[in-house]
Structures are given as structure tokens and as C-alpha cells.
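> Just the structure for this:
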Amino acid sequence: MPIHITEFTPHSSGKSITGGWRSGVWTEEVQAEYAGQFLRLSFGYPSIVSFNFWAFTDKNSWLEGAGLFDEEMHPKPIYDILKILITEEWTTKNLISTTNKKGNTQLRGFFGNYKIKVTVGEEHFIHNKTIEKSSNNQWIIQLN
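Prediction:
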């Protein structure tokens, strides 16, 4: 069954941390650390299909300090963690691979759409492919 994480609301309110995750108080840095750990765990679980933060800014949040941005709309450390995860850790970028003698190569990537550029000598061939869940994702590209 698909799992949707909704109303995820770590905060930086300065209140005491309870529940045994760690000791101390909820600061912006602790908010970011907790969110990063939870997001990485969630991303690694195949049944999780969506993730929803409940507070965008601290200004109108129902829970003090729960936003990705502070009351003046400055990014908080939790925003920085989220940006790193999405744009660096969870993004497949510019993979370069050379085929073996049989013309085969392999790559690993996240689900999504890819533009594959095959270069033979001075010629370039573009192929659009998609890595899909529940598919063998094996492609044969023939050049004429």
C-alpha cells in the first residue's frame, strides 16, 4: 500500500525534546538534523509516495518555529537540508559512461525522465528514456 507522510512538522521552538530521539531543545539546527534523518529514512522506503510539510514559514505556522523559512522569509537550516537532498543527493546528474567492447554500459538513476546523448566520433544521438517503478528499465539503443 502507498504511504503518504502528511503534516510533517518538526519545529525550532526552543521547547524540550521529548520521546528519546535525543536530549536538549528544539533549535533551528536540531530541526534541520531531525528532518534530514527522517526524510532520508522515508526516501529509502519504497512504499512512501509523498511527503508533505505542514508549515512553510514561521510567520503563520500553527506550531511555533515549524517553517522552512523564518518570519522574515529567510531560509532556515531545514530549508538548506531539503535543498541539498533534492538537488544533490536525490538527483541523477550528468552521468558519463563508456560502453564496453560489446557496446554495453550500465548506470544507476532515480525514477524519472532522462535525456541520453550517445556520441560516436563526431556524431551525437539524443534519446529520451524514462526510469519507471515496476519496470526492468533495460534499454537497447541501436544506431544506424
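
> Quick one: the helices in this structure, in order.
Applying DSSP state H to the chain gives helices spanning 28-43, 77-84.

> Can you give the contact residues for the shortest one?
For helix 77-84, contacts defined as C-beta atoms under 8 Å, 6 or more residues apart in numbering pick out 10, 12, 28-29, 31-33, 35-36, 39, 68-69, 75. C-beta here means a position set from N, CA and C on the backbone, and glycine is covered the same way.

> Out of those residues, flag the one nearest to G19.
Nearest to G19 among those: P10, at 11.9 Å, using C-beta to C-beta.

> how close does that closest one sit to G109?
29 Å (C-beta to C-beta, to the nearest Å).

> So those two - more neighbours on which side?
A direct count of neighbours by other C-beta atoms under 10 Å for P10 and G109 places P10 higher, at 21 against 13.

> any idea how far I116 is from the more buried one?
Counting by C-beta to C-beta - P10 and I116 are separated by 38 Å.

> Next: Y34.
Counting by C-beta to C-beta, the gap from Y34 to I116 is 38 Å.

> Which one's more surrounded, those two?
Neighbour count, other C-beta under 10 Å: between Y34 and I116, Y34 has more, with 19 against 14.
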